[in-house]
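>>> no sequence on this one, just coordinates:
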C-alpha cells in the first residue's frame with residue numbers, strides 16, 4: 001500500500017511509538033495477562049500510569065504544584081458549561097475567535113452575565129482581534145488559543161488582569177506555555193496529545209469553591225464540581241482508561257525526543273514550509289491574516305481565477321496519499337493540520353503535490 005499522509009483536524013495523527021505500545025497493552029497490559037480494554041482502573045499498574053501521566057504533564061509544561069491536572073470525559077464542549085459553573089459568580093468575559101469560542105460563551109450565559117470583549121466574526125474569524133480591553137469586574141476572561149476551523153492562533157500567553165481561562169484543545173503541547181498566567185486550561189486530547197475520549201483540565205486550586213452570589217445554582221452538581229475529581233485524582237468514576245494510556249505514551253514520546261522546545265521548532269519548520277508554498281504558488285491563497293496564522297491548522301483556498309480547480313486538486317491530492325485536507329464547510333477549500341506527530345516529510349509531500357498540480361494547470 002502506498003504511503004498516506006494524515007492531515008486530519010481531529011482525531012489527530014499519533015506517534016508510531018504510542019500506537020505500537022497501545023497495541024501491545026491491548027493484548028497484555030503491564031504483564032498482567034489482561035488487556036488494556038479489560039483492566040480495572042483500580043489495578044496497581046493502572047494507578048502508576050495515572051500518576052506518571054500527571055507527572056509528564058508537569059514535566060513538559062513546568063506546571064506548579066498548586067495547579068491540579070484532571071483527566072475527564074465529555075470532551076472540551078462539556079467544559080464550556082463546567083468552567084462557568086465553577087468560576088462565574090456575576091460576570092464572565094469572552095474573546096470570540098471562532099465557532100467553539102462562540103459556543104463556550106453561549107453556555108456561560110446560563111450561569112450569569114457574559115460579555116463578548118471582542119469578536120472577529122465580521123470577517124468569518126479570519127483574524128485575532130487586537131486592542132481590546134479586558135473588563136476587570138469579570139470573574140474570568142476566556143480565550144480559545146487555536147481556532148481549528150479557521151486557522152488562526154494566539155501564539156503568546158497574554159497578560160491578563162483577571163483570571164485567564166483558555167481552551168487549548170488544538171495547540172496544547174505544541175509550544176511553551178507559562179501556565180502561571182492562567183487560572184484554568186482545558187481541552188480535548190484528540191488534537192495533539194492523544195485520541196478522542198479524554199479531556200484534560202489544568203486548574204489553579206485557589207480559584208475553586210468561591211461561588212457565593214449565584215442564586216440560580218447554589219450547589220454544584222457533584223460531577224460538575226472540579227473539586228470532586230481533584231479529591232479522587234480523576235477516578236471519582238471510571239476514567240477513560242484506553243484514551244489516557246495513549247496520552248501517556250504520546251507524552252513519553254514527546255519528552256523522550258526533546259520536549260516542548262524540540263516540538264515547537266519542528267512545528268515551526270513544518271508550518272513555514274507549507275505557508276511559503278501557499279504564498280509562492282499562483283494557484284493557492286491563504287485565508288487568514290498572516291500575523292495570526294496557526295502553526296497547527298493551515299487553511300487555504302484556490303486563488304482567484306482557479307476556483308473551478310478545487311475539486312480537481314482535491315482528487316489529485318487524494319490520489320497522491322493526502323488524507324484529511326478538505327476544509328471545514330464554513331471556510332471551504334483546504335485545511336492541513338500539522339499536529340505534533342505529523343512529520344516534515346508529510347508536509348513536503350503535500351508541497352510537492354501542490355507544485356506538481358501547478359505545473360499541470362497554471
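Nice, thanks for sending it over. Values in this document were obtained by computation on a predicted structure and should not be read as measured data.
>>> so where's this structure uncertain?
Counting by pLDDT under 70, the chain shows low-confidence ranges at 1, 216-218.
>>> Go again with 50.
Counting by pLDDT under 50, the chain contains no low-confidence range.
>>> Helices of that one, start to end?
16-27, 44-61, 75-87, 99-108, 226-231, 241-256, 259-280, 310-319, 344-361 (DSSP state H).
>>> helices or strands next to the third one in the packing?
Yep, that's helix 75-87 we're talking about. helix 99-108, strand 140-144, strand 163-167, strand 184-188, strand 199-204 (3 or more CB pairs under 8 Å, 6 or more residues apart in numbering; DSSP states H and E). All C-beta spots, glycine's among them, are computed from the backbone N, C-alpha and C.
>>> closest to residue 5 out of these?
strand 184-188 (23.0 Å; CB to CB).
>>> what's the burial count for the closest residue to residue 136 other than its chain neighbours?
Excluding the flanking residues, the one nearest residue 136 by CB to CB, 6 or more residues apart in numbering is residue 161, at 5.2 Å. Counted with other CB atoms under 10 Å, the neighbours of residue 161 add up to 11.
>>> related to what we said a few turns ago, turn the helices and strands packed on helix 75-87 into a markdown table, columns for mean neighbour count and distance to residue 153.
Formatted as a markdown table, the helices and strands packed on helix 75-87 follow (neighbours: other CB atoms under 10 Å; distance: least, CB to CB, whole Å):
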| stretch | mean neighbour count | distance to residue 153 |
| --- | --- | --- |
| helix 99-108 | 20 | 13 |
| strand 140-144 | 26 | 10 |
| strand 163-167 | 24 | 12 |
| strand 184-188 | 25 | 14 |
| strand 199-204 | 23 | 18 |
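>>> Give the buried residues for stretch 204-217.
Neighbour counts using 16 or more other CB atoms under 10 Å place 204, 207-208, 211 of stretch 204-217 among the buried residues.
>>> thinking again about what came up before, wait, which of the helices and strands packed on helix 75-87 is closest to residue 53?
strand 199-204 (9.6 Å).
>>> And the closest one, what does it pack against?
helix 44-61, strand 67-72, helix 75-87, strand 184-188, helix 226-231.
>>> Can you tell me which of these is most buried?
strand 184-188 (a mean of 25; mean count of other CB atoms under 10 Å).
>>> That one pairs with which strands?
Sheet pairing of strand 184-188 (DSSP bridges) gives strand 163-167 (parallel), strand 199-204 (antiparallel).
>>> who touches residue 40 in this structure?
By CB atoms under 8 Å, 6 or more residues apart in numbering, the contact set of residue 40 is residue 46.
>>> quick one on the thing from earlier: closest one to residue 303 among the strands paired with strand 184-188?
strand 163-167 (32.2 Å).
>>> contacts for that closest one?
So strand 163-167 is contacted by 76, 79, 83, 87, 100-101, 104, 139-145, 158, 181-187, 207 (CB under 8 Å, 6+ apart).
>>> give me that answer again for 7 Å
76, 83, 87, 100, 104, 139-145, 181-187, 207 (CB atoms under 7 Å, 6 or more residues apart in numbering).
>>> and what of stretch 9-18?
6, 148, 190-192, 195-196, 246, 249-250, 253, 297, 324, 335, 337, 339, 341-342.
>>> buried set for it?
So stretch 9-18, judged by 16+ other CB under 10 Å, has buried residues 9-15, 18.
>>> I appreciate the help and will end here.
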